[in-house]
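In: Show me the folded form of this:
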Amino acid sequence: MEEDHKFRSIADPKKCYIDGRIERMDAFINEIGDYLRKYNQKEWNELMRRVIDFFGGKPDPSPFSKALEEKHE
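Out: Prediction:
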């Protein structure tokens, strides 16, 4: 049985995982974001567009997923 999970903006993973793993992951994600903004603006813009689309309820399929669909047709 598949369970439908909804995004909950009130969820606070730092309260669930008190061992510091969320803080380390946040720091790593911020480092990646800083790098993309500084050295690869095109990829950063695409990532931001996809995140906004996803949380806005209209995800745009990635080129990778389109290629997989075509391969299995």
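In: Do a quick rundown of the helices in this protein.
Out: 13-16, 21-39, 41-55, 63-71 (DSSP state H).
In: Could you save these as a markdown table and add columns showing mean pLDDT and mean neighbour count?
Out: All C-beta atoms are positioned from the backbone trio N, CA, C, and that covers glycine. Below are these laid out as a markdown table (pLDDT from 0 to 100; neighbours: other C-beta atoms under 10 Å):
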| stretch | mean pLDDT | mean neighbour count |
| --- | --- | --- |
| helix 13-16 | 78 | 10 |
| helix 21-39 | 92 | 12 |
| helix 41-55 | 87 | 12 |
| helix 63-71 | 57 | 9 |
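In: Ok, which of those comes nearest D4?
Out: Between D4 and those, the tightest spacing by C-beta to C-beta is seen for helix 41-55, at 16.0 Å.
In: helices or strands next to the closest one in the packing?
Out: helix 21-39 (3 or more C-beta pairs under 8 Å, 6 or more residues apart in numbering; DSSP states H and E).
In: which strands and helices sit next to the helix it packs on?
Out: Under the contact criterion of 3+ C-beta pairs under 8 Å, 6+ apart, helix 21-39 touches helix 13-16, helix 41-55.
In: Reformat those as CSV; add distance to F28.
Out: Listed next are the helices and strands packed on helix 21-39 as CSV, based on distance: least, C-beta to C-beta, whole Å:
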stretch, distance to F28
helix 13-16, 14
helix 41-55, 15
